[in-house]
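**Student:** here's my sequence, what's the structure:
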Amino acid sequence: MAFWSTSRTPDAAVACDPRRADYAVFDDVSVTRGGKTVLSGLTLTLSERRVAVIGLNGSGKSSLVRLLNGLLLPETGVVRVYGADTRLVRADLPRHVGFVFQNPDHQAIFPTVAEEVAFGLTQLGEERQAARAGASRFLAAHGCGALADRPFHDLSEGQKQLVCILAVLVMRPELLVLDEPFASLDGLATRQLMGRLAGLPQKLVMVSHDLKLIQGFDRVLWIEDGGLRMDGEPGSVLPAYVADIERRAAASDPG
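**Tutor:** Below is the predicted model:
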C-alpha cells in the first residue's frame, strides 16, 4: 500500500486533531493533473458520518478524495484534515485517513495476506515480529484468520478487497476513504463488504457509481467538470443526478 513513513510526528501546532467534528475542509481548492484542471475553486466542509461522491467519469471525483490523505496536494487553496493543512502533515495522514483503491492489485504490495496487514502495524512503529502476530490476531478477529498465510494473488476479488480494507483498518484511522471499491465485484461480494463497512465506527467517504449503495448515506456530493454541481441528502441529489443522466442520454440519441 502507498503509505509514507509515519516515523516523524508533526509539531503539535500543526498536527491533526481527531476530536474535530469537521474532519475535512476544502478552501477554494484547485488541482491540475497532466496539464488539465480537474478541480477548480472547490469549497466545502465535511463532518457527516457517511459521505458519497458521485459524478461522471473524469468529473474530478478521484482527485477530490485523494486530497484527503495527501495522495494529491492542491495547486491553489488549502485542504485541512482534522484541522491541519495537508501540506504540513502529509507524512502523518495515513494514520488518520485510510485509503482503499478501486483495484486491490494496485494497493497490495506484499505476497501474503498477513504480511500485507502487518505492514500497517510496522508503519505505526511496531517491530516486525510483533506486527506479524498483531496482524494474525486482527485477521482472526474479523473472521479472516484462515487467510493469513494465503498468497494475496490467489484470493478472489472480494477477498482481495476485504484484505485491503483490513490492512487499512489495522492502523485505526478515524476516516476511511474508498474510491469506487466495488467496481470489479459481483452483487453478493458487494453486499457482504457493504455490510462490514456499515458496522464500522470510522467516518466514511466513498466514491460510487452504484447509486443503490449510497441511498442510506448522510450526504451526497455531485461533482461535475471539477466543481460541486449539487450537495445534499441522497433523496434530493440522487433523483436530480439520474434525471440529468437520462436527459444527456436522450440528447445524444440520434433516433
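**Student:** excluding chain neighbours, give the residue nearest to residue 149 in space.
**Tutor:** Spatial nearest neighbour of residue 149, excluding adjacent residues (C-beta to C-beta, 6 or more residues apart in numbering): residue 112 at 5.9 Å. Heads up, the C-betas are built off the backbone N, CA and C, glycines and all.
**Student:** give me the phi and psi angles of that neighbour.
**Tutor:** Backbone geometry at residue 112, expressed as degrees, to the nearest 10, gives phi -110, psi 160.
**Student:** next one: it from residue 119, what distance?
**Tutor:** 11 Å (C-beta to C-beta, to the nearest Å).
**Student:** what does residue 89 give?
**Tutor:** Counting by C-beta to C-beta, the gap from residue 89 to residue 119 is 21 Å.
**Student:** cool, residue 102 as well?
**Tutor:** For residue 102, the distance to residue 119 - C-beta to C-beta - is 20 Å.
**Student:** state the number of residues packed around the residue nearest to residue 102 when sequence neighbours are not counted.
**Tutor:** Nearest residue to residue 102, sequence neighbours excluded (C-beta to C-beta, 6+ apart): residue 180, at 4.3 Å. Other residues lying near residue 180 total 19 when counted by other C-beta atoms under 10 Å.
**Student:** likewise the one 5 residues further on?
**Tutor:** One way to gauge burial is a neighbour count; for residue 185, by other C-beta under 10 Å, it gives 19.
**Student:** so it is in contact with residue 192, correct?
**Tutor:** No: checked against C-beta atoms under 8 Å, the pair residue 185 and residue 192 is beyond contact range at 9.0 Å.
**Student:** can you list residues touching both of these two?
**Tutor:** residue 158 (C-beta atoms under 8 Å, 6 or more residues apart in numbering).
**Student:** C-terminal to the lowest-mean-pLDDT helix or strand in the chain, what's the next element?
**Tutor:** Taking mean pLDDT, DSSP states H and E as the measure, the chain has helix 187-198 as its least confident helix or strand, at a mean of 89. Later in the chain than helix 187-198, the nearest helix or strand by DSSP states H and E is strand 203-207.
**Student:** by contact count, what packs against that next one?
**Tutor:** strand 50-54, helix 61-66, strand 175-179 (3 or more C-beta pairs under 8 Å, 6 or more residues apart in numbering; DSSP states H and E).
**Student:** just checking, what packs against the longest one?
**Tutor:** Right, helix 61-66. So helix 61-66, by 3+ C-beta pairs under 8 Å, 6+ apart, packs with strand 24-33, strand 36-46, strand 50-54, strand 175-179, strand 203-207, strand 219-224.
**Student:** do the same with the first one
**Tutor:** Counting contacts by 3+ C-beta pairs under 8 Å, 6+ apart, strand 50-54 packs against helix 61-66, strand 203-207, strand 219-224, helix 234-252.
**Student:** helix or strand next in line after the first one, which one?
**Tutor:** The first helix or strand that comes after helix 61-66 along the chain, using DSSP H and E, is strand 76-81.
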